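*Asks:* turn this into a structure:
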Amino acid sequence: MAQNTVDFWFDPTCPWCWMTSRWIKDVEKLRDISVTWHPFSLAVLNEGRDLDPGYRKHVDNTWGPARVSTVVAEQYGQEKLDELYTALGEQIHHQKNTEGTYFEKAIDAALAAVGLPAELSQVAFTEEYDEQMRASTRQGLDAAGGDDIGVPLMSINGVTFFGPVMSPAPTGEEAGKVFDAAVTLAGYPGFYEIKRPRKVGPIFNQK
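*Replies:* Okay, here's the model as predicted:
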């Protein structure tokens, strides 16, 4: 059986994206897949949009983690980007470490956890890597065919979808079975969308 490829676009601050990414991390242990991680910016996606003030404040703060993820992708590659996303997600979603204008406390802790230079945190406050971050975000949106989506955003064997959105994310062999189903859907040229009302908020699996 051929190896399945997954391209995963993520904003570290999105809880729904975090749960889907943890599903993919479980799938890595169970199936023959190759995962490529891509930074995505909710701040870029929502530029110029009329948002609820509370969500606007959150979106404005998301520049930091996306920028730092981008510099790590550019300078250190996939392995460290994968590690950093995991560390950021643990800080933001499990430890509830959301202090600072641009999540800088979570960024500092995540960089330390994965052995990356502390000075990378300063990228959160600059536009130095914004061109690359915007390009990565645009790549995901173009692959999916529009700007009316966000994350989680992933391609399976070159077919890009928004989602899947899950709460909680499946684990163990169930995670593998759900991935097998996603591969089947991605393999059918006529499949475009499946959706039902979401009745729960983010339910994080216990660590």
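
*Asks:* kindly export the helix or strand of the chain with the lowest mean pLDDT (C-alpha atoms) in CSV.
*Replies:* Least confident helix or strand of the chain, by mean pLDDT, DSSP states H and E, is helix 53-61 with a mean of 87. The C-alpha coordinates for helix 53-61 follow below in CSV (Å, rounded to 0.1, in the frame of the first residue of the first chain):
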residue,chain,number,x,y,z
PRO,A,53,-14.7,42.9,19.3
GLY,A,54,-13.8,40.0,21.5
TYR,A,55,-12.7,37.8,18.6
ARG,A,56,-10.9,40.8,17.0
LYS,A,57,-8.8,41.1,20.1
HIS,A,58,-7.9,37.4,20.0
VAL,A,59,-7.1,37.5,16.3
ASP,A,60,-4.9,40.5,16.7
ASN,A,61,-2.9,38.6,19.3
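
*Asks:* contact partners of that helix?
*Replies:* Contact with helix 53-61 is made by 13, 42-43, 46, 51, 101-103, as judged by Cβ atoms under 8 Å, 6 or more residues apart in numbering. Placement of C-beta: from N, CA and C, glycine included.

*Asks:* now those residues as JSON lines including neighbour count?
*Replies:* Formatted as JSON lines, these follow (neighbours: other Cβ atoms under 10 Å):
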{"residue": "13", "neighbour count": "26"}
{"residue": "42", "neighbour count": "24"}
{"residue": "43", "neighbour count": "22"}
{"residue": "46", "neighbour count": "17"}
{"residue": "51", "neighbour count": "13"}
{"residue": "101", "neighbour count": "11"}
{"residue": "102", "neighbour count": "21"}
{"residue": "103", "neighbour count": "26"}
